[in-house]
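> Pasted the sequence and its predicted model underneath.
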Amino acid sequence: MDGNGRWAEQHGEARIVGHMNGVQGVREALTGCTEAGVRWLTLYAFSTENWNRPQAEVEALMDLLVRTVVNEIDELHQNSVRLRAIGDLDSLPANCRATLDEAIARTAGNTRITLTLALSYSARWEIIRMAKRLAGEARAGRLAPDAIDEKVVSDALATSGMPDPELLIRTSGEQRVSNFLLWQIAYAELWFTPVLWPDFRKEHLFQAILDYQGRERRFGKTSQQVATR
Ligand code: FPP
């Protein structure tokens, strides 16, 4: 969800106003996904590196997260949205963690779509944690190093149990992955748009999905193999 700061600048507002307007982008992305039948939506809301932003912006973002979850939770629950979070959640402020935990527990049984917030998340943080976990298991004699395969690695990541993303959307004209789900996006289709996140609407999501549907996903095979599958 990139471009909140630039949106604010273009509108002569403080950066946090950009983040506040970014909440509309979240609503649009989520309702668009439910209308299109998408079952998994993961939003990169706060990276490990975002802690290095000015303290006032970090605090304002954490407050916004708490307020948004509190304001939206009833509607999310009514619409059968299951909320989840991935990342170094222990590093979040206590009130933020508590609000999230409560919302996650309340919506745990919902089945229409899983909305995962990546918070204090980075793929390298997750990969290091996975390596430590597997090394610990191996040292304890519970895991033979030769038994480590793609499934063992996937199951030791924060996204365990989630399907790999099929489509990755980045807004604001940047064409980077910025430490997001590096293992999981091995075969994801990438879609970039100059639209700033607060201006992101369902129509942009549908445009991305239509584009995705027109692509040939070969997974390393030839075009002919894919066609005759
Ligand atoms: C990146 O834009 C955006 C963020 C760091 C925060 C995203 C947060 C929200 C949209 C708030 C609501 C979120 C939830 C899940 C309730 P940027 O600040 O890097 O923009 P810039 O690159 O233009 O400066």
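Received the coordinates, thanks. All values reported here derive from a predicted model rather than from experimental measurement. Residues are numbered from 1 along each chain as shown.
> Assign a three-state SS to whichever residue of the chain sits closest to the ligand, would you?
Proximity of the chain to the ligand (CB to the nearest ligand atom) peaks at Gly5, 2.3 Å away. Where you see a C-beta, it was placed from the backbone N, CA and C, and this is true even at glycine. Classification of Gly5 by DSSP: H, G, I helix; E, B strand; the rest coil places it in helix.
> Tell me how many other residues surround it.
Using other CB atoms under 10 Å, Gly5 has 20 other residues around it.
> so it touches Ile16, yeah?
No. Judged on CB atoms under 8 Å, Gly5 makes no contact with Ile16 at a distance of 9.5 Å.
> So what touches stretch 137-154?
For stretch 137-154, contacts defined as CB atoms under 8 Å, 6 or more residues apart in numbering pick out 130, 134, 160, 183-184.
> Derive a PyMOL selection command for the buried subset of the residues you listed.
In PyMOL, this line selects whichever of these come out buried by 16 or more other CB atoms under 10 Å:
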select buried, resi 130+134+184
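> Nearest residue to Val226 in space, please, no chain neighbours.
Closest residue to Val226 apart from its sequence neighbours, by CB to CB, 6 or more residues apart in numbering: Arg218 at 5.3 Å.
> Can you name the residues of the chain that neighbour the ligand?
Applying CB under 6 Å from any ligand atom, one finds that the chain approaches the ligand through 1-6, 19, 22-23, 26, 43, 45-46, 50, 61, 64-65, 68, 117, 172, 197.
> residues of the helix-or-strand element of the chain with minimal mean pLDDT that come out buried?
Least confident element among the helices and strands of the chain, by mean pLDDT, DSSP states H and E: helix 223-227 (a mean of 91). Residues of helix 223-227 classed as buried: none (neighbour count, 16+ other CB under 10 Å).
> Strands of the chain, start to end?
Secondary structure of the chain (DSSP state E): strands at 40-47, 81-86, 113-121, 167-170, 189-192.
> what pairs with the second one, and is each one parallel or antiparallel?
In the sheet, strand 81-86 lines up against strand 113-121 (parallel) (DSSP bridges).
> Just want the angle from the partner strand to strand 40-47.
Comparing the axes of strand 113-121 and strand 40-47 via axes from the mean of the first three to the mean of the last three CA atoms, to 10 degrees yields an angle of 20 degrees.
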